[in-house]
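Undergrad: Here's a sequence, model it:
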Amino acid sequence: MIKQKIIKFLIENKVLVTPEIIEKIPDEGFNISLFYEKVLEHKDHITEELLLTIINDIIDTSLSIIDSSKVLDYEEEIEGRLKKFNIKLVENYIKDASKKDFKDFVSHYNKRFDYLSSILKNRAELEGVASISRLKNNFSSNKNSDTEQTKEKVAIIGMILEKGETKNGHTMLTIEDKSGQIKALISKKNEELQALSRDLMLDEVIGIVGSAGDDIILCESILFPDVPMSKPFKKSPEENYAVFISDTHIGSKMFKRKEFLKFIDWLNGEVGDENQKQISKKVKYLFIVGDLIEGIGIFPSQEQDVLIKDIYKQYEEACNILKLIRNDVCIIITPGNHDPMRIAEPQPMHYKDYAKKLYDMNNIVFVSSPSYLTINKTDNFEGIDILLYHGFSIPFYADSVPSIRKAGGQKRVDLVLNYLLQRRHLSPTHASTQFVPDPERDALVISRVPDIFATGHIHRVSVSNYKNVSCFNCSCWLSLTDYQVKNGIESQPCRAILVNLQTRANNILKFGYDENEEEYKNKKASN
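TA: Numbers count the residues shown, from 1 in each chain. Take a look at the predicted model:
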């Protein structure tokens with residue numbers, strides 16, 4: 001079946017291929033969506049050799065991040081609602097936690113390196129890429145040669161192991177691949193490259209093009225895995241809408257219940273002018289991107305903010321509220337750091353033991369964080385692809401990347417999302433978030449380029465576009481707390497992002513007042 005679909009796809013896109021190439025494709029476990037993406041990315045200059053490279057890269061990097069048997073069980077359990085709402089769960093992480101050792105970390109980082117390298121290798125600038133060990137061997141051969149050597153152009157792909165500054169003010173990187181390490185120098189005279197290098201973080205995978213020095217690369221350009229410029233701006237053939245929110249924190253004393261119920265009234269077509277009511281009736285999907293409930297014991301002195309002090313009752317209250325939403329709206333819910341499960345990413349779906357009543361609702365779909373799903377697919381339209389991630393790593397990059405920090409830090413979350421898409425990873429730096437090493441694949445790699453990338457966590461709203469990817473950071477439904485102030489969060493509560501899937505136009509709808517800036521300053525001063 002997989003091979004038949006691929007043959008049909010290649011014929012439709014006028015890509016000629018021999019039967020021998022098709023035979024290389026396994027009958028099961030092959031990431032067909034990624035194959036389509038890669039072929040379309042290189043459609044104008046595809047060759048059989050490149051096609052074979054794409055197939056082998058997909059096989060070798062073990063792209064499946066799901067426990068397929070459990071996903072199938074869950075998909076079978078909710079088959080009716082997935083079909084009713086035209087949803088395909090593409091990546092939904094539900095592997096069981098298990099004891100990890102050093103080898104798991106090594107394999108985890110190797111898998112990440114392999115996948116991001118496979119993306120970079122498709123860049124024309126890196127056509128002649130060499131391993132570091134081979135490059136260093138060439139350096140040694142050139143040193144032993146009696147002939148005069150010119151500075152050879154070289155290209156490598158590696159992970160940033162170290163970053164520093166020389167006594168003369170140049171930037172020095174230590175780059176590592178599976179074969180070894182090498183230094184790469186970025187001259188202080190190259191202002192454009194220096195500016196780019198200031199934002200480089202440890203552990204990200206990059207490509208470097210430069211000239212060979214004395215056991216060093218004199219860097220001339222830096223390349224990222226990034227989103228391809230050729231990504232289409234997809235639009236659904238029918239007019240319906242999706243709404244994105246997050247961080248409801250149901251169970252907190254600070255939960256803005258009145259405003260959230262007002263939002264539900266709008267969603268049900270009960271408030272607003274006639275045009276607004278017509279639009280609200282066409283809302284088909286509501287995405288809640290993490291922190292559905294307040295949780296318990298999340299941070300010191302949290303008990304002062306908790307209204308409902310029982311996890312089960314917090315979920316019951318969430319069920320009572322979400323039941324008020326009309327039944328023809330599908331509610332897709334990811335976990336967050338306040339929800340009662342492991343904080344380490346990837347986070348699995350909300351635990352059924354706690355959220356049973358929500359699982360029983362026939363218009364709710366639970367997914368992991370991160371997760372990837374497709375909506376509105378038809379015979380003639382491949383659907384809108386959505387990447388959901390609560391966003392636990394966002395504060396780290398807002399505070400640590402110099403250009404983002406200078407531009408406003410967490411107030412410029414759009415720049416953080418651009419940064420992560422450019423790196424094709426949700427948390428490229430070790431310790432930027434807690435994570436569970438997976439020896440089969442790094443689940444925080446952005447393996448598929450989405451049409452919509454939605455996050456939450458920092459209680460601010462943001463809409464932007466990066467290379468035809470709609471980037472949303474979702475608002476919260478919580479009053480400003482002392483803990484938020486201590487962590488530098490200036491919230492923008494009670495906003496919903498409305499997206500017309502037919503045009504991809506978006507609007508921010510406001511259902512409550514802003515937190516007073518003076519109130520934030522006063523609370524900050526008192527803390």
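Undergrad: I'd like to know which elements the longest helix anywhere in the chain is packed against.
TA: Assignment by DSSP state H gives helix 102-120 as the longest helix of the chain. Packing contacts for helix 102-120, counted by 3 or more Cβ pairs under 8 Å, 6 or more residues apart in numbering; DSSP states H and E, involve helix 48-60, strand 153-165, strand 205-212. (C-beta placed from N, C-alpha, C; glycine too.)
Undergrad: For His430, which non-adjacent residue is spatially closest?
TA: Once flanking residues are discounted, His430 sits nearest to Asp203: 5.0 Å by Cβ to Cβ, 6 or more residues apart in numbering.
Undergrad: Would you check that the one you found makes contact with Met159?
TA: Yes. Assessed by Cβ atoms under 8 Å, Asp203 is found in contact with Met159 at 6.0 Å.
Undergrad: Give me the common contacts of these two.
TA: Here Asp203 and Met159 share the contacting residues Tyr109, scored by Cβ atoms under 8 Å, 6 or more residues apart in numbering.
Undergrad: Next up, phi/psi of the residue nearest the centre of the chain, please.
TA: Residue closest to the mean C-alpha point of the chain, counted by Cα atoms, centre = their mean, is Leu426 at 4.8 Å. Dihedral pair for Leu426: phi -80, psi -10, per degrees, to the nearest 10.
Undergrad: cool, Pro437 as well?
TA: phi -70, psi 130.
Undergrad: From Ser107, how far out is it?
TA: Distance, Pro437 to Ser107, by Cβ to Cβ, to the nearest Å: 8 Å.
Undergrad: CA atoms only for the longest helix of the chain, dumped as PDB, please.
TA: Output in PDB follows, covering the C-alpha atoms of helix 102-120 (Å, rounded to 0.1, in the frame of the first residue of the first chain):
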ATOM      1  CA  PHE A 102      24.400   6.800  29.300                       C
ATOM      2  CA  LYS A 103      24.000   4.800  26.000                       C
ATOM      3  CA  ASP A 104      20.400   6.200  25.700                       C
ATOM      4  CA  PHE A 105      21.700   9.700  25.800                       C
ATOM      5  CA  VAL A 106      24.400   9.000  23.200                       C
ATOM      6  CA  SER A 107      22.000   7.300  20.900                       C
ATOM      7  CA  HIS A 108      19.500  10.200  21.400                       C
ATOM      8  CA  TYR A 109      22.000  12.800  20.300                       C
ATOM      9  CA  ASN A 110      23.200  10.700  17.500                       C
ATOM     10  CA  LYS A 111      19.700  10.300  16.100                       C
ATOM     11  CA  ARG A 112      19.200  14.100  16.400                       C
ATOM     12  CA  PHE A 113      22.500  14.700  14.600                       C
ATOM     13  CA  ASP A 114      21.700  12.200  11.800                       C
ATOM     14  CA  TYR A 115      18.300  13.800  11.100                       C
ATOM     15  CA  LEU A 116      19.400  17.400  11.100                       C
ATOM     16  CA  SER A 117      22.400  16.500   9.100                       C
ATOM     17  CA  SER A 118      20.200  14.900   6.500                       C
ATOM     18  CA  ILE A 119      18.300  18.200   6.100                       C
ATOM     19  CA  LEU A 120      21.500  20.200   5.900                       C
END
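Undergrad: got the angle for that helix vs strand 205-212?
TA: The directions of helix 102-120 and strand 205-212 differ by 70 degrees, with axes from the mean of the first three to the mean of the last three Cα atoms, to 10 degrees as the criterion.
Undergrad: buried ones in helix 102-120?
TA: 104, 107-109, 111-120 (16 or more other Cβ atoms under 10 Å).
Undergrad: Identify the residues contacting that helix?
TA: Contacts of helix 102-120 (Cβ under 8 Å, 6+ apart): 57, 60-63, 126, 129, 157, 159, 177-178, 203, 205-207, 223-226, 424-425, 437-442, 445, 447.
Undergrad: SS state for the closest residue to Met201 other than its chain neighbours?
TA: Counting by Cβ to Cβ, 6+ apart, Met201 lies nearest to Thr429, which is 4.5 Å off, once chain neighbours are set aside. At Thr429 the chain is in coil, as set by DSSP: H, G, I helix; E, B strand; the rest coil.
Undergrad: quick one, helices of the stretch 351-500 of the chain?
TA: Taking DSSP state H, counting those that start in this stretch, the helices of the stretch 351-500 of the chain run over residues 356-360, 394-400, 402-407, 413-423, 482-486.
Undergrad: In terms of secondary structure, what does the second one contact?
TA: In this structure, helix 394-400 packs against helix 402-407, helix 413-423, with contacts taken as 3+ Cβ pairs under 8 Å, 6+ apart.
Undergrad: about what we covered before: from the contacts of helix 102-120, which would you call buried?
TA: Buried among the contacts of helix 102-120 by 16+ other Cβ under 10 Å: 57, 61-63, 126, 129, 157, 159, 177, 203, 205-207, 223-226, 424-425, 437-439, 441-442, 445, 447.
Undergrad: one step back: and the residue nearest to Met201, what does it touch?
TA: Thr429 neighbours (Cβ under 8 Å, 6+ apart): Met201, Leu202, Asp203, Glu204, Phe396, Ser400.
Undergrad: Look up how far Lys151 lies from it.
TA: 32 Å.
Undergrad: and if you look at Glu48?
TA: 35 Å.
Undergrad: And these two? Which one has more around it.
TA: The residue with more neighbours, out of Glu48 and Lys151, is Glu48; 13 against 10, by other Cβ atoms under 10 Å.
Undergrad: name the element the residue nearest to that one when sequence neighbours are not counted belongs to?
TA: Leaving aside its chain neighbours, Glu48 sits nearest to Ile21 (5.8 Å; criterion: Cβ to Cβ, 6+ apart). According to DSSP states H and E, Ile21 maps onto helix 19-23.
Undergrad: roughly how far out does that helix sit from the chain middle?
TA: How far helix 19-23 lies from its chain's middle: 33 Å, per Cα atoms, centre = their mean, to the nearest Å.
Undergrad: and the residue nearest to Glu48, how many neighbours?
TA: So Ile21, with other Cβ under 10 Å, has 16 neighbours.
Undergrad: Can you name the residues that contact it?
TA: Counting by Cβ under 8 Å, 6+ apart, Ile21 touches Glu48, Leu51, Leu52, Ile55.
Undergrad: Quick one, which of those residues are buried?
TA: Buried subset of the contacts of Ile21 (neighbour count, 16+ other Cβ under 10 Å): Leu51, Ile55.
Undergrad: residue contacts, Ser197?
TA: Contacts of Ser197 (Cβ under 8 Å, 6+ apart): Lys163, Thr171, Leu173, Ile186, Ile222.
Undergrad: swap in Leu89?
TA: So Leu89 contacts Val71, Tyr74, Glu75, Leu82, Val365, Val367, Ser371, Leu373 (Cβ under 8 Å, 6+ apart).
Undergrad: Let me know the secondary structure of the fourth one.
TA: Under the three-state scheme (three-state DSSP), the conformation of Leu82 reads as helix.
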